[in-house]
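Visitor: got a sequence here, can you model it:
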Amino acid sequence: MDLDYSDEDREFRARARDWLSRNIPTEPRPADGPGASQFDRDWQRKLHDHGWAGVAWPKEYGGLGLSGLQQVIWYEELARAHAPHHINTTYVALMHAGPTLIARGTEAQKAEHLAKILRGDSLWCQGFSEPGAGSDLAALTTRGEVDGDWIVVNGAKMWTTDAKYADYQELLIRTDPGSERHKGLTWVICDMRTPGIEIHPIRTMTNDEHVNTVFYDNVRIPRANVVGEIGGGWSTALSTLAFERGLGFIADQLELFERVQRAIEVAQRVKLENGQLAISDSEVARRLASLKAETMAIRAMTLADISETDLTGVPGPKGSLTKLMVTGVHKALMQLVAEVLGWEFLEFDGDRGRHPWTYDYLWSWVFTISGGTSEIQREITADRLLNLPRGR
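Guide: Numbers count the residues shown, from 1 in each chain. Got it, this is the predicted structure:
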């Protein structure tokens, strides 16, 4: 990848910055509920109607087909403008369900779903984790019995983000009852309006109900909704997870730099108990400098990940290493901000119902689990990048 900005790249940045400055929503996004999902649909429709939808998608499927560097520019400008990005109810559809269909789906499946995703007409959720198979995805037990042209699903999925508002689900099930681990799994498109689906919300420490438990009682899914092959779901799921841990976290990776800049501004205005500005404390300054350096390293890793995806068409395992570093830096940054702000950190904000830094702090713990736990990312890094022997 050529890391020098071309005239075309500079023109693209200026055009993106200008459009965002004139079009970002003036009202804050609701924190939860149907208002939040409608906000996300409306924003995605505006992006689509103005020619900004699907920056990483190929042009033949309605996307912009941008180069890796231009994708980075787009997400940098989103962060700079404090505009909504895909860590919302459109995230699963845009960042891994859609790309999975592009890579593995049939032409009929692409025709049915891709345009609706780009317009914001359909929201998706992910049905992977289970009560007894979260990080250990290969241990899942939700059953899918093949019955002619149908697959009948029974079981439960856990921690299903925004299931209440999703139209479809990327669902991983076990269709071979005698299979174990990675064999005998199938990836299917599940219409969330199908009879037999019951959704139970879970209220979390962020005081919202983004995540849910989903129960399946003889849910009949057309066999035509299988993505890949029956019994070949693990391979399809690896593609989904690669997109999730690779391209799916670009926005959050690049937004970290903006958060560090905001933290520096906090340290420049807040006084510690001894009366000196936080930024004048050598340890605070050292930790901020270290975090800023690490976010610059993450940007370089992001560029490398995107460059690899440009060449291969599918993100590689290096995305796990990047996600692991993003998670660690995010937690360290939130811990430092909490220490600097002190009691102010616990003050309530009238617009969001909580101090905005407090919300980010709570989410720093969520990031250690979502998209695969940090322990799983370490295993992937050791196995697929470092070729270390597996532990017994």
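Visitor: so where's this protein shaky on pLDDT?
Guide: Residue ranges of the chain with pLDDT under 70: 1-4, 85-87, 134-135, 243-252, 307-320, 347-355, 368-377, 379-385, 390-392.
Visitor: in stretch 65-76, what counts as buried?
Guide: Across stretch 65-76, burial judged by 16 or more other CB atoms under 10 Å covers 66-76. (Each C-beta comes from the backbone N, C-alpha and C, glycine too.)
Visitor: and if you look at stretch 143-153?
Guide: 143-144, 150-153.
Visitor: also stretch 163-183?
Guide: Residues of stretch 163-183 classed as buried by neighbour count (16+ other CB under 10 Å): 163-175.
Visitor: now do stretch 195-207
Guide: Buried residues in stretch 195-207, counting neighbours by 16+ other CB under 10 Å, are found at 197, 199, 206.
Visitor: next, find the distance separating Asp9 from Arg15.
Guide: Using CB to CB, to the nearest Å, Asp9 is found at 11 Å from Arg15.
Visitor: of these two, which one has the most company?
Guide: Asp9 (16 against 12; other CB atoms under 10 Å).
Visitor: report the secondary structure state of that one.
Guide: Of the three states, Asp9 takes helix according to DSSP: H, G, I helix; E, B strand; the rest coil.
Visitor: ditto for the one 4 residues further on
Guide: When the structure is split into helix, strand and coil by three-state DSSP, Arg13 lands in helix.
Visitor: wait, doesn't it sit right on Tyr75?
Guide: No: under the criterion of CB atoms under 8 Å, Arg13 makes no contact with Tyr75, lying 11.4 Å away.
Visitor: residue contacts, the spatially closest residue to Gly228 that is not a sequence neighbour?
Guide: Nearest residue to Gly228, sequence neighbours excluded (CB to CB, 6 or more residues apart in numbering): Thr236, at 3.9 Å. Thr236 makes contacts with 100, 104, 187, 227-228, as judged by CB atoms under 8 Å, 6 or more residues apart in numbering.
Visitor: and Thr236, what helix or strand is that in?
Guide: Assigned by DSSP states H and E, Thr236 falls within helix 233-245.
Visitor: equivalent analysis for Ala156, please.
Guide: Per DSSP H and E: Ala156 is located in strand 150-157.
Visitor: contacts for the helix or strand just after that strand, please.
Guide: Note on strand 150-157: by DSSP H and E, the next helix or strand toward the C-terminus is strand 168-174. With contacts defined as CB under 8 Å, 6+ apart, strand 168-174 is touched by 92-93, 96-97, 100, 113, 122-128, 137, 140-144, 151, 153, 155, 157, 160, 163, 184-192, 214, 221, 227, 233, 237, 240.
Visitor: before we move on, what about stretch 75-87?
Guide: Stretch 75-87 is contacted from outside by 13, 16-17, 20-21, 24-25, 29, 39-40, 43, 94-95, 248, 250-252, 254-255, 257-258, using CB under 8 Å, 6+ apart.
Visitor: that older thread, could you point out which element follows the helix holding Thr236?
Guide: helix 250-269.
Visitor: can you point out the buried residues in whatever helix or strand comes next after that following helix?
Guide: Going down the chain from helix 250-269, the next helix or strand is helix 282-312, by DSSP H and E. Buried residues in helix 282-312, defined by neighbour count with 16+ other CB under 10 Å: 284, 287-288, 291-292, 294-295, 298-299, 301-303, 305-309.
Visitor: buried residues in the longest strand belonging to the chain?
Guide: In the chain, with assignment by DSSP state E, the single longest strand is strand 211-222. Using 16+ other CB under 10 Å as the test for burial, strand 211-222 gives 211-216, 219, 221.
Visitor: stretch 270-282 too?
Guide: Using 16+ other CB under 10 Å as the test for burial, stretch 270-282 gives 270, 272, 278-279, 281.
Visitor: please parse the protein into its domains.
Guide: In the domain annotation for the chain, the residue ranges read 7-88, 124-232, 246-385 (automatic domain parsing).
Visitor: in JSON lines, list these along with distance to Ile117.
Guide: Shown next, in JSON lines, are the domains of the chain (distance: least, CB to CB, whole Å):
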{"stretch": "domain 7-88", "distance to Ile117": "8"}
{"stretch": "domain 124-232", "distance to Ile117": "7"}
{"stretch": "domain 246-385", "distance to Ile117": "14"}
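Visitor: which of those sits closest to Leu118?
Guide: Counting by CB to CB, Leu118 lies closest to domain 7-88 out of these; the figure is 4.5 Å.
Visitor: what's the offset of the closest one from the middle of its chain?
Guide: 15 Å (CA atoms, centre = their mean, to the nearest Å).
Visitor: just stretch 231-244 next, same as before
Guide: Offset of stretch 231-244 from its chain centre (CA atoms, centre = their mean): 15 Å.
Visitor: now render the buried residues of strand 211-222 as a markdown table, adding distance to Lys59.
Guide: Listed next are those as a markdown table, based on distance: CB to CB, whole Å:
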| residue | distance to Lys59 |
| --- | --- |
| Val211 | 35 |
| Asn212 | 35 |
| Thr213 | 39 |
| Val214 | 35 |
| Phe215 | 40 |
| Tyr216 | 37 |
| Val219 | 36 |
| Ile221 | 31 |
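Visitor: of these, closest to Asn387?
Guide: Distance to Asn387 across these (CB to CB) is lowest for Val211, with 34.9 Å.
Visitor: is it true that the closest one touches Ile202?
Guide: Yes: in this structure, Val211 is within contact of Ile202 by CB under 8 Å, at 4.9 Å.
Visitor: who touches both of these two?
Guide: The contact sets of Val211 and Ile202 overlap at Trp159 (CB under 8 Å, 6+ apart).
Visitor: hang on, the earlier thing: and the buried residues of stretch 65-76, which two are furthest apart?
Guide: Ser67 and Glu76 (14.0 Å).
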